[in-house]
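1. everything below, folded, please.
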Amino acid sequence: MTVTTQQALTIGEAVRSKALGYAAKTGTAIDLVVVGGADAKEQFKLTPITLKTAIEANLSQEEIEGLPLPGSRWNDGGIANNNCDIFQWKDPSKDQDSKPREVSFYVTWADGTPEGARVVKEIDYCKRIGKENMKIDDIPQGWQNKYNNPKLIADRLDYLEGRRATVRGAYKEAVRLIWQMDMVNELPGCQCSIDNEGGQVLVENKTDLKKGGWKFYSIGAFLRLNPKQASEQGGSYAALKATEKREPKKTPPAAGILTLNSVQTPETMDKVGVVFHSYLDKTLATTGSADYALLLKHLTGDAGRQSILTLGGIKECIDKLFRMDTIRAVYDSEKEKLNKAA
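-> Numbers count the residues shown, from 1 in each chain. Here you go, the predicted structure:
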């Protein structure tokens, strides 16, 4: 069985309208939590738990139960899914021959809230300003005066795209947490609850609490549990625990040897990154040095093409990380400390 293009687009219009309806209703109250969390320092930052609490406080039980499973698709199993996360949508402002694109319910919801819409609008400003033949008379003059050169615009765009990623991700993770807790609590042998103070989820053995049948999970570890698989094995506490995702054992490389698989943890990344940064920082510090000339000779030669491709890939990854508000804030704070120490 296949889902026709027309069926997919009909589903898409309905799901998109539903997402915008959630945005309109929840925008004000939940938006305050989102903005406060995105702007806050570490101890008050936006987390799936804080946003889950706000969603549950401002939506009816029926509306919460109507939230689609994050990651579910419009054609799951070849069957039309009218309550999906990922749907097909054709932008009516584009050419009629343009192809439909896949959109997320949670992206649409997040972008439709007051904070989401503000960020999306300002991203549009950044992409239009300074480009030839682009309409800019709707961009406030105060904004144009504030971001009046390419560097300021690029920095602002990076910040806004990071903030958008933070807000979009928060909505999806919060609802993933709601779904996961519901599925775990439906298992006959388990019950779970939020530990607000520790920012964790407590999972307990509902049939035998006296035997130490309980465990605290980080949000990430809890979301990696597989309650569906546990249900197929009887739904006991032990069956759920058996679905814990463990890191596979890795054979460490021989001392002094860096292999292609050496960077497999954040700790290893730190060690390699420090050495890599130290080399580049030292080499690029003096443009007339022998090391500088050697690096340029390598990069501009045939052998340097792969290096440039690798460096470009690293830059894209780093740009993606620094679009996140939390990472940008930590960098700015630590950089300021270094500058003061110098």
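
2. can you list contacts of stretch 84-98?
-> Outside stretch 84-98, the residues within contact range by C-beta atoms under 8 Å, 6 or more residues apart in numbering are 5, 8-9, 11-13, 15-16, 68-74, 76, 99-106, 172. For glycine as for every other residue, the C-beta is placed from the backbone atoms N, C-alpha and C.

3. and the buried ones among these, selectable in ChimeraX?
-> The following ChimeraX command selects only the buried members of the contacts of stretch 84-98, with burial defined by 16 or more other C-beta atoms under 10 Å:
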select :8,9,11,12,15,16,68,69,70,73,74,103,104,105,106,172
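
4. strands - which of the contacts of stretch 84-98 land there?
-> In this view, those that belong to strands under DSSP state E are 101, 102, 103, 104.

5. in CSV: the residues you listed, plus distance to residue 61.
-> Written out in CSV, the entries for the ones in strands among the contacts of stretch 84-98 read as follows (distance: C-beta to C-beta, whole Å):
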residue, distance to residue 61
101, 33
102, 29
103, 27
104, 23
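
6. chain center to the helix or strand hosting residue 57, what's the gap?
-> Under the assignment given by DSSP states H and E, the secondary-structure element containing residue 57 is helix 48-58. Going by C-alpha atoms, centre = their mean, to the nearest Å, the spacing between the C-alpha centre of helix 48-58 and its chain's C-alpha centre is 17 Å.

7. what residues sit buried inside that helix?
-> Going by 16+ other C-beta under 10 Å, helix 48-58 has these buried residues: 48, 49, 50, 51, 52, 53, 54, 55, 58.

8. and the next helix or strand past it?
-> From helix 48-58, the next helix or strand downstream (DSSP H and E) is helix 61-65.

9. put the alpha carbons of that next one into CSV.
-> These are the backbone C-alpha positions of helix 61-65, laid out as CSV (Å, rounded to 0.1, in the frame of the first residue of the first chain):
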residue,chain,number,x,y,z
GLN,A,61,-5.0,16.6,28.5
GLU,A,62,-6.8,16.1,25.2
GLU,A,63,-4.3,18.4,23.5
ILE,A,64,-1.3,16.7,25.1
GLU,A,65,-2.6,13.3,23.9
